[in-house]
Every structure is written in C-alpha cells, then in structure tokens.
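**Student:** Build the 3D model from these lines:
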Amino acid sequence: MKHLLLAAAIAAGAPAAALAQTTTTTTTTVQTTEPDYGTIRTYVTKERHESVAAPTGYTVTVGTPLPEPVPLYRLPDDVGPYEYGVVDGRTVVVDENRNVIQILD
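**Tutor:** Numbering: from 1, shown residues only. Reported below is the predicted structural model:
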C-alpha cells in the first residue's frame, strides 16, 4: 500500500516538475553605431541653412537639449534618425529628443 501511494505521489508530481523546468529566454541585441559625421558635414554644407541666435542664457553643449525656438532640419534616412540645426554659426546634430550629440563647427 505504501508503494502504491508513493508511486501515485511521484506520478502526480512529475508533470509539475516538468513544467517547473521549462524556461524561455529572449535576448534583444541593440547595436548602436556612431553617426557618420563626415557624411553629415558634407550634407549640411550643401544645404546651407541660416544660423539663428541662441536663446538668452543658452549655451550650445553636447548632451543638452536644443531649445524649441531653434528650427531643426531632417537628415537623410541613410544617415540615421538625426536632425540638425544651426545656432550661433555652429551646426549641431541632435537626436530624436533634441539632445545635442555633436557640434560640427
């Protein structure tokens, strides 16, 4: 009788043990590549947009968001998801959040 109960307990626990051992792992790889600033420089040189004055109190620095009054111009899709603006005679490349990622001039 003990053997029958033991066998029934083992049989009942086997599917649960199998479920507990089943795992799924998902890996997402994000590649970040540096924009081709040479290509960007060539493109913006051809476009020649007018420079605007920086808003009072704003200094163009990498990592800071470009204020809303500064107009942005879209770069070609093959360059990446970037835009640029010309502030105080300096061409700046910004990301999708308007953060300055590079100062070209």
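**Student:** any low-confidence regions in this structure?
**Tutor:** Applying pLDDT under 70 to the chain picks out residues 1-33.
**Student:** if I pick Ile103, what's in contact with it?
**Tutor:** Val60, Thr61, Val62, Arg90, Thr91, Val92, Val93 (C-beta atoms under 8 Å, 6 or more residues apart in numbering). Where you see a C-beta, it was placed from the backbone N, CA and C, and this is true even at glycine.
**Student:** In three-state terms, label the first one for me.
**Tutor:** Spelled out, that is Val60. coil (DSSP: H, G, I helix; E, B strand; the rest coil).
**Student:** TSV please, covering the contacts of Ile103 and showing neighbour count and distance to Glu83.
**Tutor:** TSV is the format used below for the contacts of Ile103 (neighbours: other C-beta atoms under 10 Å; distance: C-beta to C-beta, whole Å):
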residue	neighbour count	distance to Glu83
Val60	17	15
Thr61	9	17
Val62	11	15
Arg90	14	15
Thr91	21	11
Val92	26	10
Val93	25	8
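**Student:** between the residues you listed, which is closest to Glu47?
**Tutor:** Using C-beta to C-beta, Thr91 is the member of the contacts of Ile103 that lies nearest Glu47, at 9.6 Å.
**Student:** how about the contacts of Ile103, which pair is most distant?
**Tutor:** Longest span within these, C-beta to C-beta: Thr61 and Thr91, 14.3 Å.
**Student:** For the closest residue to Val62 other than its chain neighbours, give me phi and psi.
**Tutor:** Leaving out its chain neighbours, the residue that sits closest to Val62 by C-beta to C-beta, 6 or more residues apart in numbering is Val100, at 5.2 Å. Backbone torsions for Val100, taken as degrees, to the nearest 10, come to phi -70, psi 120.
**Student:** Equivalent analysis for Lys46, please.
**Tutor:** phi -70, psi -40.
**Student:** residues touching it, list them.
**Tutor:** Per C-beta under 8 Å, 6+ apart, neighbours of Lys46: none.
**Student:** how close does it sit to Asn99?
**Tutor:** 25 Å (C-beta to C-beta, to the nearest Å).
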